[in-house]
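**Q** Let me see the structure of the following:
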Amino acid sequence: RAEAIFGRIPTGAEVVIIGDTPADIACGAGIAARALAVATGAYTVGDLEACRPHAVFADLSETDAVLEAIYATYSRGWIETGEGAPSPFTGEAIWLGQIVVSLLPAEPEAKGLLALMLYTDARRAARRNAQGAYVPLDEQDVTVWDVPQLQEAEALLRAASAGGSSGRYQLEAAIQSAHV
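**A** Residues are numbered from 1 along each chain as shown. Below is the predicted model:
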C-alpha cells in the first residue's frame, strides 16, 4: 500500500506500521520501519513481541502512543506543502484515525484527533495562494473548503465532547472548530 501511495518504496524513516498480527509487523522489517503492535485478540503480546516491534500494546486502551504516532504522521504531511496538493502522509493518518475510531468508538481522544485532522485537511486547498505563499485563515477563500469534511469533523468533536473529559486533541479540534 505504501509503495502505491508514494510511487516508490518509502524509507523506514517515512513509515510507521501499526498492526495486530506478526505479518503486519514483519512487513515493515524489509524497510526498517517503526512498528507498533497491538494485541487485539488473535495474537498475544508475547506473539507480537517475538516479531520485535518498537512497541507492543496489550490492547487499544493504551491509545496515547498510537494517537501520537498518527498525529506525527499527519504533521509530517502537513509540512510537506505544495500547490495545495495533499501529501500521502495526511491521507494515511486520516485513514488510520478512522480505523482507531472504528475500533474504539467510546474513546473521545481518538475522535478528537480525527476531528482535528479533518478540520485542518478540509481547509488545505485554501492555505496557499497561486504562488505557494501561506494564506492566513481570515483571508482564505472559504468556498474551497471541504464542507462535508468540516461537517464530519464537527460531528466527531460533538461526540468526543459528550464522551467525558477533554484531552489535547479535543481541545485542538475545538480551536479549529471556532474558525469554521
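
**Q** From here on, just use CA atoms for contacts and neighbour counts.
**A** OK.

**Q** just the strands in this structure please.
**A** Here the chain has its strands, by DSSP state E, at 16-19, 34-38, 55-57.

**Q** So which of these is nearest E172?
**A** Of all the strands of the chain, it is strand 16-19 that lies closest to E172, at 23.2 Å by Cα to Cα.

**Q** still on that earlier bit, Throw the strands of the chain into TSV and include mean neighbour count, thanks.
**A** Formatted as TSV, the strands of the chain follow (neighbours: other Cα atoms under 10 Å):
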stretch	mean neighbour count
strand 16-19	20
strand 34-38	24
strand 55-57	19
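
**Q** could these be laid out in JSON lines, adding distance to W78 and mean pLDDT?
**A** JSON lines is the format used below for the strands of the chain (distance: least, Cα to Cα, whole Å; pLDDT from 0 to 100):
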{"stretch": "strand 16-19", "distance to W78": "16", "mean pLDDT": "70"}
{"stretch": "strand 34-38", "distance to W78": "20", "mean pLDDT": "72"}
{"stretch": "strand 55-57", "distance to W78": "25", "mean pLDDT": "72"}
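
**Q** Now distance to S87 too, for those, in TSV please.
**A** Output for these, formatted as TSV (distance: least, Cα to Cα, whole Å):
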stretch	distance to S87
strand 16-19	16
strand 34-38	20
strand 55-57	26
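
**Q** Compare those and give me the one nearest E154.
**A** That would be strand 16-19 among the strands of the chain, by Cα to Cα, at 26.6 Å.

**Q** packing partners for the closest one?
**A** Counting contacts by 3 or more Cα pairs under 8 Å, 6 or more residues apart in numbering; DSSP states H and E, strand 16-19 packs against helix 22-27, strand 34-38.

**Q** where do the helices sit along the chain?
**A** 2-6, 22-27, 45-49, 63-79, 88-103, 108-122, 147-162, 168-177 (DSSP state H).
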